[in-house]
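J.: What would the 3D arrangement of this be:
(one chain, ligands or ions: 3)
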Amino acid sequence: MQSRMLAFIDVAANLTDPMFQGIYNQVERHVPDLSTVLDRAREAGVFRILITAGSVEMAREAVELISESPSLFSTVGIHPTRCDVFGDAQSVSNMKQIQNLVDIASSAKGKVVAVGECGLDYDRTTFCDKGRQQIGFEYHFLLAEQLKLPILFHNRNTGGDFVKIVQKHRDRFENGVVHSFTGNKDELKQLLDLNLYVGINGCSLKTEENLSVVQKVPLERLVLETDCPYCEIRKTHAGYHWIQSHWKTVSHKKYETGSCVKGRTEPCHIRQVAEIVSKLHEVSIEQVAKQAFHNTMKIFFPEESANGIYDSLFETIRNHS
Ligand SMILES: *[C@@H]1O[C@H](CO)[C@@H](O)[C@H](O)[C@H]1NC(C)=O
Ligand SMILES: *[C@@H]1O[C@H](CO)[C@@H](O)[C@H](O)[C@H]1NC(C)=O
Ligand SMILES: [Zn+2]
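T.: Numbers count the residues shown, from 1 in each chain. Ligands and ions are numbered 1, 2, ... in the order given. Okay, here's the model as predicted:
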């Protein structure tokens, strides 16, 4: 199906989600098919995947999963919506959360490549209010310092609070990606001024205004992701008509082996994100893929030489398929 050889790294995939075990809203709809999903990803050119962990338990699960495959990596962090595990600002028990994450990361050296997802989400404050989210968020800079890792940020509708906090701690980490970016042009400028990278997925490509912002993200600062199983690019999305890669897709009720499931995004769909970005930037999809790949290697795999690795990869992929 894919004639052109492209390589991708998905920097945000929630592969521990029950949907990859065939479970939707607590109802079992089909057999677990994570291994098929990973095969499909590899065929689409997805070379590596970062599993986003959002709690201590999820980080443990993720670390177990990544030990099974050389192409899987993980983050460790506590998602803003899970920050209720943190106490008041000075609570000594907060350090315990961080220590747990340090221990998990240390048990999987070289495979835990980022701190995250961490940040603020003011669209979802029912589980954890703004104040508690801010307390939890600030501890992640200490975690990044201790682990000497880049940060995968989550930021949703937070006014200036996110930028203010990152600014305050900017000298404590080297590289960071604000994933699933849906902000406006001013917010984009603030992130670029902080020397951060911007993660683009289907949620970033929903409205015409979204598209005009993505057009302004310099390719040297752009990173591709899916945020699967969320952020499907629906027919109603502004960028949908530019998609060239399609997979056979059925509803979970009519699941068949070898098909994608409607409403469940997978790492292979990163190609669709790249296709839309290539149209918006008026450059070839090869150029988008190569630049995003280069950026991603630099951020999350700084010890591997990024030069030449993109091209040499295709031999590896050919030999394995
Ligand atoms: C991943 O999926 C699980 C299960 O649906 C969910 O509880 C968790 O919040 C998700 N993690 C992230 C980082 O979105
Ligand atoms: C982009 O789309 C998201 C939905 O994915 C929306 O919440 C957001 O406001 C949009 N941003 C802009 C700048 O239009
Ligand atoms: Zn997120």
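J.: Follow the chain on from the lengthiest helix in the chain and name the next helix or strand.
T.: Once the chain is assigned using DSSP state H, the helix that runs over the most residues is helix 130-147. Following the chain from helix 130-147 toward its C-terminal end, the next helix or strand by DSSP states H and E is strand 151-156.
J.: Strands of this protein, residue ranges please.
T.: Assigned strands in the chain, in chain order: 8-13, 23-24, 27-28, 46-51, 72-76, 112-121, 151-156, 176-178, 197-200, 222-224, 249-250, 260-261 (criterion: DSSP state E).
J.: Mind listing what's buried along the longest helix of the chain?
T.: Going by neighbour count (16 or more other CB atoms under 10 Å), the buried part of helix 130-147 is 130, 132-144, 147. Backbone N, C-alpha and C define where each C-beta goes, glycine included.
J.: same for that helix, what does it pack against?
T.: The contact analysis (3 or more CB pairs under 8 Å, 6 or more residues apart in numbering; DSSP states H and E) places helix 130-147 against helix 94-107, strand 112-121, strand 151-156, helix 161-168.
J.: Thr236 is nearest to which of these?
T.: Proximity to Thr236 (CB to CB) singles out strand 151-156 among these, at 20.6 Å.
J.: Contact partners for the nearest residue to Thr249 once chain neighbours are set aside?
T.: The shortest distance from Thr249 to any residue that is not its chain neighbour, by CB to CB, 6 or more residues apart in numbering, is 4.3 Å, and that residue is Cys260. For Cys260, the contacting residues are Arg40, Trp247, Lys248, Thr249, Val250, Glu266, Cys268, taking CB atoms under 8 Å, 6 or more residues apart in numbering as the criterion.
J.: Recalculate using a threshold of 10 Å.
T.: Taking CB atoms under 10 Å, 6 or more residues apart in numbering as the definition of contact, the neighbours of Cys260 are 33, 36-37, 40, 232, 246-250, 266, 268-269.
J.: any idea how far Gln272 is from it?
T.: When CB to CB, to the nearest Å is applied, the distance between Cys260 and Gln272 equals 11 Å.
J.: Please apply the same query to Gly199.
T.: 15 Å.
J.: before we move on, back to that, run through the contacts of Cys260 and flag the ones next to ligand 3.
T.: Restricting the contacts of Cys260 to those within reach of ligand 3 (CB under 5 Å from the ion) leaves nothing.
J.: follow-up on the earlier one: could you dump the strands of the chain into JSON lines and include distance to ligand 1?
T.: Compiled in JSON lines, the strands of the chain are given as follows (distance: least, CB to the nearest ligand atom, whole Å):
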{"stretch": "strand 8-13", "distance to ligand 1": "8"}
{"stretch": "strand 23-24", "distance to ligand 1": "9"}
{"stretch": "strand 27-28", "distance to ligand 1": "13"}
{"stretch": "strand 46-51", "distance to ligand 1": "9"}
{"stretch": "strand 72-76", "distance to ligand 1": "8"}
{"stretch": "strand 112-121", "distance to ligand 1": "5"}
{"stretch": "strand 151-156", "distance to ligand 1": "7"}
{"stretch": "strand 176-178", "distance to ligand 1": "14"}
{"stretch": "strand 197-200", "distance to ligand 1": "13"}
{"stretch": "strand 222-224", "distance to ligand 1": "16"}
{"stretch": "strand 249-250", "distance to ligand 1": "20"}
{"stretch": "strand 260-261", "distance to ligand 1": "15"}
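J.: Any chance of CSV for these, columns mean pLDDT?
T.: Output for the strands of the chain, formatted as CSV (pLDDT from 0 to 100):
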stretch, mean pLDDT
strand 8-13, 98
strand 23-24, 96
strand 27-28, 96
strand 46-51, 97
strand 72-76, 98
strand 112-121, 98
strand 151-156, 97
strand 176-178, 98
strand 197-200, 98
strand 222-224, 98
strand 249-250, 97
strand 260-261, 97
